[in-house]
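>>> Build me a model:
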Amino acid sequence: MRIAVTGSIATDHLMTFPGRFADQLIAEKLDCISLSFLVDGLEIRRGGVAANIAFGLGILGLNPLLIGAVGPDFGEYRNWLTRHGVDCAGVRESLRHHTARFVCTTDSDGNQIASFYPGAMSEDGEIRLAPFAEGSEGADLVLIGASDPGAMLSHTAECTSLGIPFAADPSQQLPRLEGPEIRSLVDGATYLFCNEYEEALIERKTGWTSADVLARVEVRVTTLGPAGARIERGTEAPLLVGPVTEENKADPTGTGDAFRAGFLAAVGWGLSLERAAQLGNLVAVSALETVGPQEYELKPVQVAGRLAEAYGDDAAAEIGAHYGG
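Modelled structure (predicted):
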């Protein structure tokens, strides 16, 4: 199965301030703040939901097609993704903007001051999917991840008109989107990905009940954090898939994206939804145990061992037959 992934491609610039922001704020001067914080360190991490998902699919051997807009500063990042099995032929370089960037400073209390620069992501809507769908390899499934809202809507409409199955993954953009827009993004999806909060937000903003949503998508996949995942289809009983036990908790950033990568990889191999959720949980916990959303490794022996421990030998054997590292 050829999977195309659309959505944000970004870098995260993370800094740490050893003091407390609160100690630097003067109550009667909050209307004219002018502060500069001397920070202790800087970490630059590769990120963006589309790039994170494509990375996971790449190291699982699916050779996904990444589609999105970046700036002229993307060269090193492109090389990283290519080395990890991602086809970047769908990545367009902007002549006007840098790659999207998240800049965040965290103080000793865990408070954060951050900015997000959308940059080239604002041009995602100018990218058409048809040339990739009509190419020699085509696209069997398109994941439409969080990006410029206009791009998400146009990609969804184009998938519908071209008859390409799509996975709806609006995630971080749900607070910004209005009900009619969310309906357009969700209706007709082969897969709908969300967490429990996003599931409730979709229902509240669209005015749809849970049953209404399930009538409009083929499969709803809801991640449950440390409780695993829930898979629902139409009027069938929900399938609950428990988690893979975590060995440590290093960084939760990108765990949802990692789950999607594992889930879609198993779908691409033709495995059952249960196996897809099991692999998704394994990849998610691997990301959780590593600092950075694209720094985890999936060694076949360790993957097989953890799957067997969590889900039994049959699950490990079925998934292991497709993943050789």
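
>>> the helices in this protein, which residues?
In the chain, the helices defined using DSSP state H lie at 49-59, 75-83, 130-133, 149-162, 179-186, 196-206, 210-216, 255-268, 273-288, 300-311, 313-320.

>>> what about those helices, which gets the closest to residue 247?
If you check each of the helices of the chain against residue 247 by C-beta to C-beta, helix 273-288 wins as the nearest, at 8.1 Å. The way it works is simple: take the backbone N, C-alpha and C, and place the C-beta from them, glycine included.

>>> Wait, residue 48 touches residue 7, no?
Yes. Between residue 48 and residue 7 a contact is recorded at 6.9 Å, counting by C-beta atoms under 8 Å.

>>> Check the contact lists of the two and give me the overlap.
Residues touching both residue 48 and residue 7 by C-beta atoms under 8 Å, 6 or more residues apart in numbering: residue 68.

>>> returning to that earlier point: go through the helices of the chain and find the least confident stretch.
Of all the helices of the chain, helix 130-133 carries the lowest average pLDDT, namely a mean of 88.

>>> quick one: contacts of that helix?
Taking C-beta under 8 Å, 6+ apart as the rule, helix 130-133 contacts 4, 65, 67, 89-90, 138-139, 158, 162, 164.

>>> Drop the exposed ones from those and show what's left.
Among the contacts of helix 130-133, those classed as buried by 16 or more other C-beta atoms under 10 Å are 4, 65, 67, 90, 139, 158, 164.

>>> Now for these: which two are most distant?
Counting by C-beta to C-beta, the most remote pair of these is 65 and 158, 14.6 Å apart.

>>> re earlier: keep only those of the buried ones among the contacts of helix 130-133 that are in strands.
In strands, defined here by DSSP state E, the members of the buried ones among the contacts of helix 130-133 are 4, 65, 67, 90.

>>> need the contact list for the second one.
What it means is residue 65. Residues in contact with residue 65 (C-beta under 8 Å, 6+ apart) are 2-5, 87, 89-90, 132, 137, 139.

>>> Kindly report the same for the third one.
Residue 67 sits next to 4-6, 50, 90-91, 127, 129, 132 when contact means C-beta under 8 Å, 6+ apart.

>>> Could you rerun that using 7 Å?
4-6, 90, 127, 132 (C-beta atoms under 7 Å, 6 or more residues apart in numbering).

>>> I'd like those residues laid out as TSV, including distance to residue 308.
Output for the contacts of residue 67, formatted as TSV (distance: C-beta to C-beta, whole Å):
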residue	distance to residue 308
4	32
5	29
6	35
90	36
127	42
132	38
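
>>> biggest separation within those residues, which pair?
Farthest pair in the contacts of residue 67, by C-beta to C-beta: 5 and 127, 12.5 Å.

>>> Neighbour count for the two, which is higher?
residue 5 (36 against 20; other C-beta atoms under 10 Å).

>>> Specify the beta-bridge partners of that one.
Bridge pairing for residue 5 (DSSP bridges) gives the partners residue 66, residue 143.

>>> thinking it is in contact with residue 66, fair?
Yes. Between residue 5 and residue 66 there is a contact at 5.6 Å, judged by C-beta atoms under 7 Å.

>>> Mind listing the shared neighbours of the two?
50, 54.

>>> circling back: any idea which of the helices of the chain is most buried?
helix 49-59 (a mean of 30; mean count of other C-beta atoms under 10 Å).

>>> Show me the contact partners of it.
The contact list for helix 49-59 (C-beta under 7 Å, 6+ apart) reads 3, 5-9, 64, 66, 68, 81, 84-86, 143, 145-146, 171, 254, 257-258, 260-262, 264-265, 283, 293-294, 298.

>>> could you give the angle of that helix to helix 255-268?
Calculated by axes from the mean of the first three to the mean of the last three C-alpha atoms, to 10 degrees, helix 49-59 forms an angle of 50 degrees with helix 255-268.

>>> what are the C-alpha coordinates of helix 49-59, in CSV please?
Extracted as CSV, the C-alpha positions of helix 49-59 are listed here (Å, rounded to 0.1, in the frame of the first residue of the first chain):
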residue,chain,number,x,y,z
VAL,A,49,2.8,15.9,12.5
ALA,A,50,3.2,14.9,8.9
ALA,A,51,6.9,14.5,9.1
ASN,A,52,6.6,12.6,12.4
ILE,A,53,4.1,10.2,11.0
ALA,A,54,6.1,9.8,7.8
PHE,A,55,9.3,9.1,9.8
GLY,A,56,7.6,6.2,11.7
LEU,A,57,6.2,4.7,8.5
GLY,A,58,9.6,5.1,6.9
ILE,A,59,11.5,3.1,9.5
